[in-house]
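Participant: Predicted model and sequence below, questions to follow.
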There are 2 protein chains.
Amino acid sequence: MNGIEILGFAAAVLTTASFLPQVYQTWKTKDVSALSLPMLTMFLTGITLWFIYGIYKDSPSLVIANGITIVSVFLLVYFKLKYGKK
Amino acid sequence: MNGIEILGFAAAVLTTASFLPQVYQTWKTKDVSALSLPMLTMFLTGITLWFIYGIYKDSPSLVIANGITIVSVFLLVYFKLKYGKK
């Protein structure tokens, strides 16, 4: 692994891990009032494209980061739909 | 611009634009209760590294997307610090 991919993996760890407190906080508090559904669904579509872009760009950092983030954001969308109705 | 960069730009537009409703909603409602400061600050550091990674990877999509998102997330951190105290 070269220096550029180490930088990419550091970026991947930070942006991926940054969603975990949000997922945990939302799951714990069930407070989804400040989460925007348009943001979440656009973001989910966007990171799916980044995932594909990462495959073509030969970037393991992009593929791993976006693969994991897709799962996290999918959970946030689920919480928003489940708790947002109340 | 080749096909791969078109895909990257589509990803860039979606992930960048997905922050705008969140910034607008937070600015309008001043409701920052469901925004997590650990998430925002880790994310801000992460996308700054993606920005640098994009320069080395010769990826205009990554540079433009993360450059704009840095500004958006910086605004969310500002709102959280400003309105989170109440």
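Facilitator: Now that the structure is in, tell me what you want to look at. Numbers count the residues shown, from 1 in each chain, chains lettered A, B, ... in the order given.
Participant: only C-alpha atoms for contact and neighbour calcs from this point on.
Facilitator: Noted.
Participant: Could I get the CA-only coordinates of the lengthiest helix in chain A as PDB?
Facilitator: In terms of residue count, the longest helix belonging to chain A (DSSP state H) is helix A:60-83. Extracted as PDB, the C-alpha positions of helix A:60-83 are listed here (Å, rounded to 0.1, in the frame of the first residue of the first chain):
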ATOM      1  CA  PRO A  60      -9.800   0.600  -2.800                       C
ATOM      2  CA  SER A  61     -10.300   3.600  -0.400                       C
ATOM      3  CA  LEU A  62     -13.300   4.900  -2.300                       C
ATOM      4  CA  VAL A  63     -14.900   1.400  -2.600                       C
ATOM      5  CA  ILE A  64     -14.500   0.400   1.000                       C
ATOM      6  CA  ALA A  65     -15.500   3.800   2.400                       C
ATOM      7  CA  ASN A  66     -18.600   4.100   0.300                       C
ATOM      8  CA  GLY A  67     -19.500   0.500   0.700                       C
ATOM      9  CA  ILE A  68     -19.700   0.800   4.500                       C
ATOM     10  CA  THR A  69     -21.300   4.300   4.400                       C
ATOM     11  CA  ILE A  70     -24.100   3.000   2.100                       C
ATOM     12  CA  VAL A  71     -25.100   0.600   5.000                       C
ATOM     13  CA  SER A  72     -24.900   3.500   7.600                       C
ATOM     14  CA  VAL A  73     -27.000   5.900   5.600                       C
ATOM     15  CA  PHE A  74     -29.500   3.100   4.700                       C
ATOM     16  CA  LEU A  75     -30.000   2.700   8.500                       C
ATOM     17  CA  LEU A  76     -30.600   6.500   8.900                       C
ATOM     18  CA  VAL A  77     -33.200   6.400   6.100                       C
ATOM     19  CA  TYR A  78     -34.900   3.500   7.800                       C
ATOM     20  CA  PHE A  79     -35.000   5.400  11.200                       C
ATOM     21  CA  LYS A  80     -36.300   8.500   9.500                       C
ATOM     22  CA  LEU A  81     -39.200   6.500   7.900                       C
ATOM     23  CA  LYS A  82     -39.900   4.600  11.000                       C
ATOM     24  CA  TYR A  83     -39.800   7.400  13.600                       C
END
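Participant: Can you pull the residues of chain A lying near chain B?
Facilitator: For chain A, the contact set with chain B under C-alpha under 8 Å from any C-alpha of the partner chain comprises A:4, A:7-8, A:10-15, A:17-22, A:25-26, A:31-36, A:38-40, A:42-43, A:45-50, A:53, A:56-57.
Participant: Now the buried members of those residues.
Facilitator: Buried subset of the residues of chain A next to chain B (neighbour count, 16 or more other C-alpha atoms under 10 Å in any protein chain shown): A:4, A:7-8, A:10-15, A:17-22, A:25-26, A:31-36, A:38-40, A:42-43, A:45-50, A:53, A:57.
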